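*Asks:* Coordinates for the following, if possible.
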Amino acid sequence: MTDEEHNNSAPDTTASVIEDDALAEAYNRGLALEKAGDLKAAAAAYREALALEPSDPGGVSVRLAAMGAGEAPEKMPDAYVATLFDQHADVFDEILVDELGYCVPLLLQELAAKLKLGPFGRLLDLGCGTGLTGMAFFDQADHLTGVDLSERIVELAYDRGVYDDLYVGEAVEFLQDFEEEDGSRPTWDFIAATDVFPYLGAVEPFLKGAAERLTSGGHLAFSTETLPEAVLNGRNYMVGPKSRFAQGAAYIRSALDLFGFDILAMDPITVRLEEGDPVPGHLVMTRKR
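*Replies:* Residues are numbered from 1 along each chain as shown. This is a model prediction of the structure:
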């Protein structure tokens, strides 16, 4: 979910949680100018906001890239993602499932069954949201760990009662740094990341971390969004018109091979709807060599 997607049914609210008055003013000015079609002036306002607060809670670096006024960052700013999901937490499922037609967790459940994978000992659900993937695999894992950047979203996932452990954290940082209380670095048999790659851009840090946390022969599954090769124009990834990252299929295949993953399935899917139009992507299941 992004500001743009939430705006299909409600006004933009990101600036309402930006406490700095000057920052909120610059962000709102950029947003108004962008909606009015004055992209040059909007870009100037967004750059002003970014200079005021480099942590970028308004996600203006992503907006600039979507407008073609800046290079795509390697990932969405953590401050932006946390702000976005915290503020939309109470209507998260309604927007994602009912309005955007999101059903990737169920598609992943079907794919795992088709490939005759599972049950699993330990499953790590990165970007767990309110627990949709956890619910889909609740009876297929002995132990479920969920991780999400939004504290409010994690609270809602806790209420579902499907996870054995829940943590607030960014996916790549969790893979790189997480330790148990005794200092050990746990591994998992299955890592799922549904609707994470559209917030990442560059996938190498994620895949490196996942490879280090998977048991030998363990499985990594994730979804991506993509754009036609003519639009990507040789780029590995780019920010699309709805301010989410799209990755090229060839880039995903190459990166998976680099980090020791064999592709078991890379199926084209409709990830979600945007203003009624299907968003193309892939559902990927891999095995660590």
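*Asks:* which residue is nearest the middle of the protein?
*Replies:* residue 196 (2.5 Å; C-alpha atoms, centre = their mean).
*Asks:* Now do the contacts for that residue.
*Replies:* Neighbour list for residue 196: 126-127, 171, 206, 222-223 [criterion: C-beta atoms under 8 Å, 6 or more residues apart in numbering]. To be clear about C-beta, it is placed using only N, CA and C from the backbone, and glycine gets the same treatment.
*Asks:* what pairs with the nearest residue to residue 141 once chain neighbours are set aside across the strands?
*Replies:* Of all residues not flanking residue 141 in the chain, residue 123 sits nearest, at 3.8 Å (C-beta to C-beta, 6 or more residues apart in numbering). Beta bridges link residue 123 to residue 144, residue 190, judged by DSSP bridges.
*Asks:* Find out how far the helix or strand where residue 285 lies is from the centre of the chain, if you would.
*Replies:* Remark: residue 285 resides in strand 277-288, with elements defined by DSSP states H and E. Relative to its parent chain, strand 277-288 has a centroid offset of 13 Å by C-alpha atoms, centre = their mean, to the nearest Å.
*Asks:* ok, now stretch 260-270?
*Replies:* On C-alpha atoms, centre = their mean, the centre of stretch 260-270 falls 17 Å from the chain's centre.
*Asks:* Now it - C-alpha only, PDB.
*Replies:* In PDB, the C-alpha atoms belonging to stretch 260-270 read as follows (Å, rounded to 0.1, in the frame of the first residue of the first chain):
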ATOM      1  CA  GLY A 260      22.600 -19.600  -4.300                       C
ATOM      2  CA  PHE A 261      18.900 -20.000  -4.900                       C
ATOM      3  CA  ASP A 262      17.300 -22.400  -7.400                       C
ATOM      4  CA  ILE A 263      14.000 -21.200  -8.800                       C
ATOM      5  CA  LEU A 264      11.200 -23.800  -8.300                       C
ATOM      6  CA  ALA A 265       8.500 -21.500  -9.700                       C
ATOM      7  CA  MET A 266       8.300 -17.900 -11.000                       C
ATOM      8  CA  ASP A 267       4.700 -17.600 -11.900                       C
ATOM      9  CA  PRO A 268       3.100 -14.400 -13.400                       C
ATOM     10  CA  ILE A 269       0.300 -13.200 -11.200                       C
ATOM     11  CA  THR A 270      -1.900 -10.200 -10.700                       C
END
